[in-house]
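Asker: have a look at this prediction, sequence included:
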Amino acid sequence: MGMIQWMLLIVLSLTVALFLLVALFIMRSIQSRRRNEEIIQYTDIHFDGWFDYIFHGIGTPPPIRKDAHVEAVEKIFFSYSNNGYSKGIHERIEGFSVENFTHRYKYTLKHRKWAHRINTLNKIIEFRMAGFEDVFTEREIHRLSRFEYFLFLVYLSLFDMDRFMYVYFLRNDLTEYEYKKIFSRLDDEKIAFMRDRFEEMTIPSQFALIGRASFIPDSKSLDWLETMLASDVPEVRIRALKAISVIGSTRNQDVYTAFYESEVWEERMLAIRLGPTIGETSVYGVIKGLDDPHPLVRKEAVKILTGFMPPMTDWAVPLAVLGEERSER
């Protein structure tokens, strides 16, 4: 076979392959359009029936006969769960989903396509479906993508705190932002439960946990945060001081004294910020801050002096004026 014949054969093969790809694309587009039409048609026909069942608990769920119907119902459930605030709404969505979708979701959680797995994790979280706590083995958990692992932790935080803690310490590759997202979904009691294993956590998760503690009432968080001030990690101490500042009160005033002499300017600034809540033991440190080498520390000292309550007000105001003059130098 000559060179020209080989080239013609290659061109013909490429043309056939291109034709098949175009045909496949057209077929999938047609299938997708038909599926979307079926979803819209099902929603139009059964929306009122689902509304009565989910919102009011009236009647029975409309029938589901094919995959397009399942997808339509999932879209309806997402809409209802995001816009409905009744406990009964969530209970009916959860009950129906557990009874009818559990087998399907356990299968798709192991699907070869990442998008299918992610969508399913979002569904079991949104529909609050119990029963998936042990769906992944330890080996499978290590093989999950980081986002899958993050979503699975979010799911476990809803149902099984012991399992959550076990899976939480299997990996250490999440970011501080992702840990914050997880902790924001935990109630104060669960956060207190996690504090006992603070030293085992990664640095990003420690930062996230300290930040979450700032939203807990001081009676349940201050003692723990003040113990963090003895950490060997400067950023942990800084985060703890910030959290205490957000809470707006202190308990053991003695633990703050050393921070006015700290080599870390952020610690000096944050200790000065806490001055009015610490009380008289902070006066020396705040005044000393007026001559601090760092401009932000001096600025904080000027601002905080005016925040002291009587009987210190008499000297606080004139010193603040003096501080402004010093900070401008």
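Answerer: Yes, it's here. Quantities reported herein were computed from a predicted structural model and do not represent experimental measurements.

Asker: which helix or which strand is home to the spatially most central residue of the chain?
Answerer: With distances taken as Cα atoms, centre = their mean, Lys181 lies nearest the centre of the chain, 0.8 Å away. Here Lys181, judged by DSSP states H and E, is contained in helix 176-183.

Asker: check which element follows that helix along the chain.
Answerer: Next along the chain after helix 176-183, taking DSSP H and E as the criterion, comes helix 188-195.

Asker: neighbours of His142, how many?
Answerer: A count of nearby residues for His142, using other Cβ atoms under 10 Å, gives 11. Where you see a C-beta, it was placed from the backbone N, CA and C, and this is true even at glycine.

Asker: what residues does the helix or strand harbouring it touch?
Answerer: Here His142 sits within helix 138-143, counting by DSSP H and E. Here helix 138-143 makes contact (Cβ atoms under 8 Å, 6 or more residues apart in numbering) with 149, 152, 167, 170-171.

Asker: swap the cut-off to 6 Å and go again
Answerer: For helix 138-143, contacts defined as Cβ atoms under 6 Å, 6 or more residues apart in numbering pick out Leu170.

Asker: then stretch 214-231?
Answerer: In contact with stretch 214-231 (Cβ under 6 Å, 6+ apart) are residues 188, 195, 213, 236-237, 240, 243-244, 246-247, 249, 251-252, 255.

Asker: so which bits of that stretch are buried?
Answerer: Across stretch 214-231, burial judged by 16 or more other Cβ atoms under 10 Å covers 214, 216, 221-222, 224-226, 228-229, 231.

Asker: tabulate the residues you listed (a markdown table), appending distance to Gly88.
Answerer: A markdown table is the format used below for the buried residues of stretch 214-231 (distance: Cβ to Cβ, whole Å):
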| residue | distance to Gly88 |
| --- | --- |
| Ser214 | 34 |
| Ile216 | 30 |
| Ser221 | 34 |
| Leu222 | 39 |
| Trp224 | 38 |
| Leu225 | 39 |
| Glu226 | 43 |
| Met228 | 42 |
| Leu229 | 46 |
| Ser231 | 46 |
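
Asker: max pairwise distance over those: which two?
Answerer: Ile216 and Ser231 (18.7 Å; Cβ to Cβ).

Asker: and the helix holding His142, how far out from the chain's middle?
Answerer: The offset between the C-alpha centroid of helix 138-143 and the centroid of the whole chain comes to 21 Å, using Cα atoms, centre = their mean, to the nearest Å.

Asker: next secondary structure element downstream of that helix?
Answerer: Next along from helix 138-143, by DSSP H and E: helix 146-159.

Asker: outside of that following helix, which residues touch it?
Answerer: 117, 121, 124-125, 130, 133, 163-164, 167, 173-174, 178, 182, 185-186.

Asker: so, low pLDDT: which residues of this structure?
Answerer: Scanning the chain for pLDDT under 70 picks out 1-2, 30-31, 84-85, 309-329.

Asker: remind me, longest helix of it?
Answerer: helix 3-51 (DSSP state H).

Asker: by contact count, what packs against it?
Answerer: helix 67-83 (3 or more Cβ pairs under 6 Å, 6 or more residues apart in numbering; DSSP states H and E).

Asker: can you give the contact residues for the helix it packs on?
Answerer: 35, 38-39, 42-43, 50, 54, 64, 93, 126.
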